[in-house]
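Enquirer: any chance you could fold what I've pasted below:
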Amino acid sequence: MSIWTYSDVSHEPHYVWSGNTCTFCQTEMKLLHRQIDNISTLKSTGSHEKRLFVCPVCGWWKADGQQEIDAWVHHTGFSTIEGAAASLRELDLTDISTPIQEVRSYLAVKYEQRFTMHPRLFEETIASVFRDLGYEAEATAYSGDDGIDVILKRGEETIGVQAKRYKAAIEVDQIRSLAGALLLNGMTRGMFVTTSGFQSGATRTTEKYQTRGYKIELADAKRFYEALKIAQRNMYASLKEFPIADVLNRMVKIEEYVDDTRHSGLKFEPF
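Expert: Got it, this is the predicted structure:
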């Protein structure tokens, strides 16, 4: 199930025509599909163009269509504008069974909801994001992890990750705790990922550990969000992967024009 549901936008056309930027995460929309069908009858000719745009980060989509008809008998042109756009479905981030891909898309839209996440869901999301960034990633079990929540591997490199879903800034003592966990697990590289930030002195502490052979990276809320957006950047590669494949046949009429001087000549305005 997608976090996006079909929406009738006939009363809110600004969602369709507001430009080529995602309404939710401000990412440039991607043209996923475009088709033009020719119309020909004994009394008229015309064309029907349909387009589907999707946000490559959060998955929000919008579709638009324009149908132009030349009626030969009455020398009249008709132009119909259609549209549809997705609506956001609320997601329960406390439910540990929620699919991670839905969690990632939802966070891309409503990152402020990160504080409501189940801690285990946060760990699984971190592992998923780094997996898409080229690492082997595994969230450890609750018991017996010795303070390491996620283990990242790439080549000969192993990184122990501690994840904290906090609102308050991470204290220096918590970074020392991660250093101790690295020692117990025989690791020399670590990363602290949090939904908040770090208190002053955190960077200075990591610099001291580096002089002792332990490299610890700090990923605050902003840095993890940027990593999430990079991991999300290719959500849909084709129409076959789109969750509502028949959306182009479900658009609603938004506007209609009549030009009795023969043909209106109305075209899509470029974004």
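Enquirer: going forward, measure contacts and count neighbours with C-alpha atoms only.
Expert: OK.
Enquirer: pLDDT weak spots in this structure?
Expert: Across the chain, the ranges flagged by pLDDT under 70 are 1, 9-18, 72-75, 142-145, 260-271.
Enquirer: helix or strand for the residue nearest the centre of it, which one?
Expert: Centroid-nearest residue in the chain, with Cα atoms, centre = their mean: Cys58, separated by 1.9 Å. Using DSSP states H and E, Cys58 sits within no helix or strand.
Enquirer: mind checking how far the residue lying closest to it once chain neighbours are set aside is from Val54?
Expert: Residue nearest to Cys58 in three dimensions, not counting chain neighbours: Ser105, with 4.7 Å by Cα to Cα, 6 or more residues apart in numbering. Between Ser105 and Val54 the computed distance is 13 Å (Cα to Cα, to the nearest Å).
Enquirer: now Phe242
Expert: Counting by Cα to Cα - Phe242 and Val54 are separated by 9 Å.
Enquirer: host element of the residue nearest to Cys58?
Expert: Element membership of Ser105 [criterion: DSSP H and E] is helix 100-109.
Enquirer: show me what secondary structure element comes after that helix.
Expert: Taking DSSP H and E, what comes next after helix 100-109 is helix 119-132.
Enquirer: returning to what we had before: the residue nearest to the centre of the chain reaches Lys110, doesn't it?
Expert: No - assessed by Cα atoms under 8 Å, Cys58 is found out of contact with Lys110, at 9.7 Å.
Enquirer: next, the angle helix 100-109 makes with the lengthiest strand in the chain.
Expert: The single longest strand within the chain, with elements called by DSSP state E, is strand 76-88. Calculated by axes from the mean of the first three to the mean of the last three Cα atoms, to 10 degrees, strand 76-88 forms an angle of 110 degrees with helix 100-109.
Enquirer: paired strands for strand 76-88, with orientation please.
Expert: On the basis of DSSP bridges, the sheet neighbours of strand 76-88 come out as strand 4-7 (antiparallel), strand 61-71 (antiparallel), strand 252-259 (antiparallel).
Enquirer: can you tell me which of these is most buried?
Expert: Sort the strands paired with strand 76-88 by mean neighbour count, taking mean count of other Cα atoms under 10 Å, and strand 61-71 sits at the top with a mean of 24.
Enquirer: which residues are in contact with that one?
Expert: Contacts to strand 61-71, defined as Cα atoms under 8 Å, 6 or more residues apart in numbering, come from residues 15-16, 39, 43-55, 76-86, 247-248, 251, 262-263, 267-268.
Enquirer: buried ones among those?
Expert: 15-16, 44, 46, 48-55, 76-86, 247-248, 251, 262-263 (16 or more other Cα atoms under 10 Å).
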